[in-house]
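Peer 1: Here you go, sequence then predicted model.
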Amino acid sequence: MQQHTHASNPPLDSFGRLLKQWRSQRGFSQLDLAVTSQVSQRHISFLESGRAKPSREMVLQLAEVLEIPLRQQNLMLTAAGFAPVHTETDLSAPEMTSIRKALDFMLRQQEPYPAIVVDRYWNLLLTNQAANRLLSAFISPEELQAHFYRDGKVNLMRAMFHPQGFRPFVVNWDDFSVHLLQRLQREAIAEGESEQSQALLTELMSDPGIAGVWHAAARAAQNTVLLTVHLKRGDLELQFFSTIATLGTAYDITLQELRIECLFPANDQTEHHWQQLLKS
């Protein structure tokens, strides 16, 4: 009697399953991916089902077309049976000297306004003097040490959402907290889900008050051109908007995941109060 076999679904951590997830997330059909990557649709189908095994070059070619982050490219290579190719170098390493100089230059040039460098998980890596002044104006160094230091770094998302952090001083808390959560969620989706990013989002959402704001059915339309963070403590009142920069053409995971955020006064009152704070 002739027997028929059916291909089972590939494991969750297989290359085929990862490829299909990223293709779907990027909004590509198999035909779209085939045309863009110059690979036959039949071969794409076979790769996703596990009926074909990719070469190392094929993994990197498809990852480039789908704009998959370097960290996730390493995972796909591993799933396909190859060694990772992208390094993850500590920012303090000697080979990062030129990058550190560039980052330090940008931070200095942002004075007298705050500027910070964070990693993918919003851990604070570098600051300028103005950023340190802003932090200390609302959170004492002792409180930072006690509540927000983990593995030698301050997590700015935790510092923003914690009752002993910035949260009590954010006037537009409902709007700004939703903005931060949406931003964190978008970054997690765009750069690939990870246990660490999901754990951070879950932690922030565990507060019933935060969950209530997040799941609000309707939101008032913004009447300004930019959402600012509005901070107030006693007589000190500040409103900042921010710009975010990344490093181009990064081939190292650490560098690809760096974010340089610069704050600017949103109005003349903030400019005045900020200058007064710097003189005090």
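Peer 2: All right, it came through fine. Numbers count the residues shown, from 1 in each chain.
Peer 1: burial count for residue 255?
Peer 2: A count of nearby residues for residue 255, using other Cβ atoms under 10 Å, gives 19. (Glycine included, C-beta is placed from N, CA and C.)
Peer 1: Determine the three-state secondary structure at it.
Peer 2: At residue 255 the chain is in helix, as set by DSSP: H, G, I helix; E, B strand; the rest coil.
Peer 1: ok, and the closest non-adjacent residue to it?
Peer 2: Distances taken as Cβ to Cβ, 6 or more residues apart in numbering place residue 247 nearest to residue 255, at 5.0 Å, with adjacent residues excluded.
Peer 1: number of nearby residues for that neighbour?
Peer 2: Residue 247, neighbours per other Cβ under 10 Å, totals 16.
Peer 1: got it, and residue 140?
Peer 2: 12.
Peer 1: Let me see the ranges of the helices in this structure.
Peer 2: 15-25, 30-37, 41-49, 56-65, 70-79, 97-110, 129-138, 141-147, 156-161, 173-191, 195-205, 208-214, 253-256, 268-279 (DSSP state H).
Peer 1: looking at those, which has the lowest confidence?
Peer 2: Ranked by mean pLDDT, the helices of the chain bottom out at helix 208-214, with a mean of 70.
Peer 1: quick one: contacts for residue 189?
Peer 2: residue 25 (Cβ atoms under 8 Å, 6 or more residues apart in numbering).
Peer 1: give the contact list for the residue nearest to residue 255.
Peer 2: Per Cβ under 8 Å, 6+ apart, neighbours of residue 247: 99, 255-256, 258.
Peer 1: now swap in residue 106 and tell me
Peer 2: 115, 245, 260.
Peer 1: With residue 190 instead?
Peer 2: So residue 190 contacts residue 69 (Cβ under 8 Å, 6+ apart).
Peer 1: Include distance to residue 91 when you put the contacts of residue 247 into CSV, please.
Peer 2: Output for the contacts of residue 247, formatted as CSV (distance: Cβ to Cβ, whole Å):
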residue, distance to residue 91
99, 7
255, 9
256, 13
258, 8
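Peer 1: Nearest to residue 240 among those?
Peer 2: The closest of the contacts of residue 247 to residue 240 turns out to be residue 258 (Cβ to Cβ; 20.5 Å).
Peer 1: and that closest one, what pLDDT?
Peer 2: 95.
Peer 1: ok so, going back, and the buried ones among the contacts of residue 106, selectable in ChimeraX?
Peer 2: The buried residues among the contacts of residue 106 can be selected in ChimeraX (16 or more other Cβ atoms under 10 Å) with this line:
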select :115,260
